[in-house]
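[1] For reference, the sequence and a predicted model appear below.
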Amino acid sequence: MNTFSGYDAKTLPVRSPAVVHIVENLPMRMIPLLFCTLLAASLPAAAQSRTIAVDLAAVEGPLPGNFNLVVGAGRANEGLRADWQQQLAQIRKDAGFRYLRMHGLLSDDMGVYRIDARGREQYNFQYVDALYDYLLSIGIKPFVELGFMPSAMASGTKTLFWWRANVTPPRDYARWERLVKALTQHWTERYGQAEVATWYFEVWNEPNLEGFWTGTKADYFRLYDHAARAIKSVSPAYRVGGPATAGAAWVPEMLAHAERNEVPLDFISTHSYGVNQGYLDEFGTTGTVLSKDDAAVSADVLKNRQEMAAVGKSALPLHYTEWSSSYTPADPTHDSYHQAAYILHKLKQVGSAAQSMSYWVFTDIFEEAGPRFEAFHGGFGLMNTQGIRKPAYFAYQFLNRLGSTALKNADGQSIGAKDGDNAQLLLWDYTRTLPDGVNNQQYFIKDLPARAKGDVQVAWQGLRPGSYRLDLSRVGYRQNDAYTAYIDMGSPAQLSRAQVATLNGLATGQPAERRQVRVGSDGRFSLALPLRENDVYLVEMTRTD
């Protein structure tokens, strides 16, 4: 066997039989070169440096406000809970959401409709009033979802979810139209036409899925037509749209139907999620898999825009009234630190192609599968049931801290902004780390240390000379990462008050570093930040003199 200074093939960094055979038959002078080559191949790739250059004079335009126009909630009746309302007020303050969309406004637990003993229709809007009064009191407007079917009006008994959402068409479409009109008139009398004209009315939810609608596509269009006619009869200024489909579906058909039948259509709405399997998998038992497609979600948005442009409807607003990494409320991607970078990556890809991207949902107070028995269970929410803020929460909080003017920026995973003399940069690394052959429920429940990605060099120019306060906030592995700390606790199903306090204290969103810096006469400032997989940084430069 060949040897070189006591080195033989048994100590090679790569020891496949083929490699050992080659080494044993190489001339001795070639062994050092081969050893160095194989050693380099066996080591992790060197981390790459990344530079983000931002010039405050290079204005792109107003910062798109589609990220926090709308956010989702589970169902209307949950909005009558005190803890739900407290969480909504907190996230409204931190993330600035302006509209709220939720299921079940017309379901039986909201008590809106019944037939009395004499066969007369009766309407009751007391629960709806209590909910909407609260929303408006904290500065959030309704993005009205008209559904599901009151059982006294329904044509069938099929229901969905623990709370029994009736998903059948009405027995009598005229009764459906009267209910929608009565409710719209009630809101007009209670809040005024000028206020209601700022709302959105969306008809039903995901009628292209059998689980949510037992009727046909034609039945849905009929449902839509009656609802739109009812709304517009109260005020032509009120905005109504649909089809609220899953998977970006039925958009060409909806446009064609409205055009052919002269039906009002003020906006298109639809949904998209970033996984490939697990449809209506309420408990995550099928096993969802985060899509490998880097354009997941955003490709759907752009496809819809192309479909609208093809029929001359480019100016029609497009609202994505549900979106997230996964469509099951039992997917630990929602809880993981990876989610913050995922959210930012998708929103950056979408840009201004959609007028809203409504994250589904703001809280784990969400009972489609019934009350959950675990503190962290992969729920959709930006906050868990106890109000502990997940890493995803801070993606929206950080976005809301950006200035109103977007700056040009060639970097694909960052957003530069300014507000007067103040400058901000939100940057992230999105890396899909899910191994092949493993699903989300198996992988994201683990402690997943993040690998280093090298330094990010941030280079500003065009700053006004003077003193600034530099605030550096961060989300990532063990940074505003309550879920990994929860795993450290042994992932207890129930949390004590002390454990809730500990996790809340680890996830505040407050700057990890604050210091005074000075910008010289050249208007330049730079800093280097160590970056790991799925890290998020918010850098804020606030002028102090």
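    Thanks, I have the structure now.
[2] Which residue ranges of the stretch 101-250 of the chain form strands?
    For the stretch 101-250 of the chain, strands defined by DSSP state E, counting those that start in this stretch occupy the ranges 113-115, 121-123, 141-146, 159-160, 165-166, 200-203, 239-245.
[3] out of these, which comes closest to residue 68?
    Ranking the strands of the stretch 101-250 of the chain by proximity to residue 68 (CB to CB) places strand 141-146 first, at 12.6 Å. All C-beta atoms are positioned from the backbone trio N, CA, C, and that covers glycine.
[4] contacting residues around that closest one?
    Strand 141-146 has contacts (CB atoms under 8 Å, 6 or more residues apart in numbering) with 70, 98-103, 105-106, 132, 135, 180, 198-205, 227, 244, 319, 321, 358.
[5] do stretch 477-495 as well
    332, 335-337, 373-376, 384, 386, 388-391, 394, 445-450, 474-475, 499, 502-504, 506-509, 512, 532-535.
[6] Would you mind measuring the gap between the ends of that stretch?
    21 Å (CA to CA, to the nearest Å).
[7] Pull the distance from that stretch to the chain's centre.
    Stretch 477-495 sits 21 Å away from the centroid of its parent chain (CA atoms, centre = their mean, to the nearest Å).
[8] Let me know whether residue 147 touches residue 206 as I believe.
    No - using CB atoms under 8 Å, residue 147 makes no contact with residue 206, being 9.6 Å away.
[9] hey, what's in contact with both of those two?
    Joint contacts of residue 147 and residue 206 (CB under 8 Å, 6+ apart) do not exist.
[10] give the contact list for the residue nearest to the spatial centre of the chain.
    The centroid of the chain falls nearest to residue 359 when counting by CA atoms, centre = their mean (3.5 Å). Applying CB under 8 Å, 6+ apart, one finds that residue 359 lies in contact with 71, 72, 323, 324, 343, 382, 392, 396.
[11] So which of those residues sit within strands?
    71, 72, 323, 324 (DSSP state E).
[12] before we move on, the earlier item: buried among the contacts of strand 141-146? Need that as a selection in PyMOL.
    Of those, the buried ones can be selected in PyMOL as follows, counting by 16 or more other CB atoms under 10 Å:
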select buried, resi 70+98+99+100+101+102+103+105+106+132+135+180+199+200+201+202+203+204+205+227+244+319+321+358
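[13] Show only the entries of the contacts of strand 141-146 found in helices.
    132, 135, 180, 227 (DSSP state H).
[14] Isn't the second one up against residue 100?
    I take that to be residue 135. Yes - under the contact definition of CB under 8 Å, residue 135 touches residue 100, with a separation of 6.0 Å.
[15] any common contacting residues for these two?
    Common contact partners of residue 135 and residue 100 (CB under 8 Å, 6+ apart): 88, 141, 142.
[16] What is the nearest of those residues to residue 119?
    Closest to residue 119, out of all of the shared contacts of residue 135 and residue 100 and judged by CB to CB, is residue 142, at 31.4 Å.
[17] any idea how far residue 325 is from that closest one?
    Per CB to CB, to the nearest Å, residue 142 is found 26 Å from residue 325.
[18] ditto for residue 88
    22 Å.
[19] Can you flag the buried ones in the shared contacts of residue 135 and residue 100?
    88, 141, 142.
[20] distance between the ends of stretch 165-174?
    Per CA to CA, stretch 165-174 runs 21 Å from first to last residue.
[21] Same question for stretch 391-409.
    Start-to-end span of stretch 391-409 (CA to CA) is 25 Å.
[22] how about that stretch: buried residues?
    Going by 16+ other CB under 10 Å, stretch 391-409 has these buried residues: 391-403, 405-407, 409.
[23] same deal with stretch 471-482?
    Buried-residue list, stretch 471-482, by 16+ other CB under 10 Å: 471, 473, 474, 475, 476, 477, 479, 480, 481, 482.
[24] quick one: the fifth one and residue 90, what's the gap?
    When CB to CB is the yardstick, residue 476 and residue 90 sit 22 Å from each other.
[25] residues contacting residue 75?
    When contacts are counted by CB under 8 Å, 6+ apart, residue 75 touches 102, 103, 104, 107, 109, 163, 165, 366, 367, 368.
[26] Show the pLDDT at the nearest residue to residue 356 once chain neighbours are set aside.
    Sequence neighbours aside, residue 69 is the residue nearest to residue 356 in space, at 4.0 Å (criterion: CB to CB, 6 or more residues apart in numbering). Predicted confidence (pLDDT) for residue 69: 98.
[27] where does residue 394 land in three-state SS?
    helix (DSSP: H, G, I helix; E, B strand; the rest coil).
[28] Could you pull up the mean pLDDT of stretch 321-336?
    97.
[29] and the end-to-end length of stretch 428-446?
    Between the opening and closing residues of stretch 428-446 there is a gap of 22 Å (CA to CA).
[30] Look up the pLDDT of residue 283 for me, please.
    Residue 283 carries a pLDDT value of 72.
[31] Would you confirm that it contacts residue 368?
    No - at 10.4 Å, residue 283 does not count as touching residue 368 under the criterion of CB under 8 Å.
[32] so of the contacts of stretch 477-495, which ones are in strands?
    474, 475, 532.
[33] Let me know the closest of the residues you listed to residue 541.
    Nearest to residue 541, judged by CB to CB, of the ones in strands among the contacts of stretch 477-495 is residue 474 at 15.9 Å.
[34] low-confidence ranges in the stretch 151-300 of the chain?
    Within the stretch 151-300 of the chain, the set of residues satisfying pLDDT under 70 comprises 277-281.
[35] how about the helices in it?
    Ranges of helices within the stretch 151-300 of the chain are 173-191, 193-196, 217-234, 251-261, 298-310, based on DSSP state H, counting those that start in this stretch.
[36] now for those helices, which one comes closest to residue 63?
    Within the helices of the stretch 151-300 of the chain, the stretch nearest residue 63 is helix 298-310; the backing value is 18.0 Å (CB to CB).
[37] how near is residue 349 to residue 298?
    Going from residue 349 to residue 298 by CB to CB gives 4 Å.
[38] Compare the two and say which is more crowded by neighbours.
    Ranked by neighbour count (other CB atoms under 10 Å), residue 349 and residue 298 place residue 298 first, with 23 against 19.
[39] contacting residues around that one?
    346, 349, 350, 353.
[40] Between these, which sits nearest residue 291?
    Taking CB to CB as the measure, residue 291 lies nearest residue 346 of the contacts of residue 298, at 11.0 Å.
[41] Done for today, thanks.
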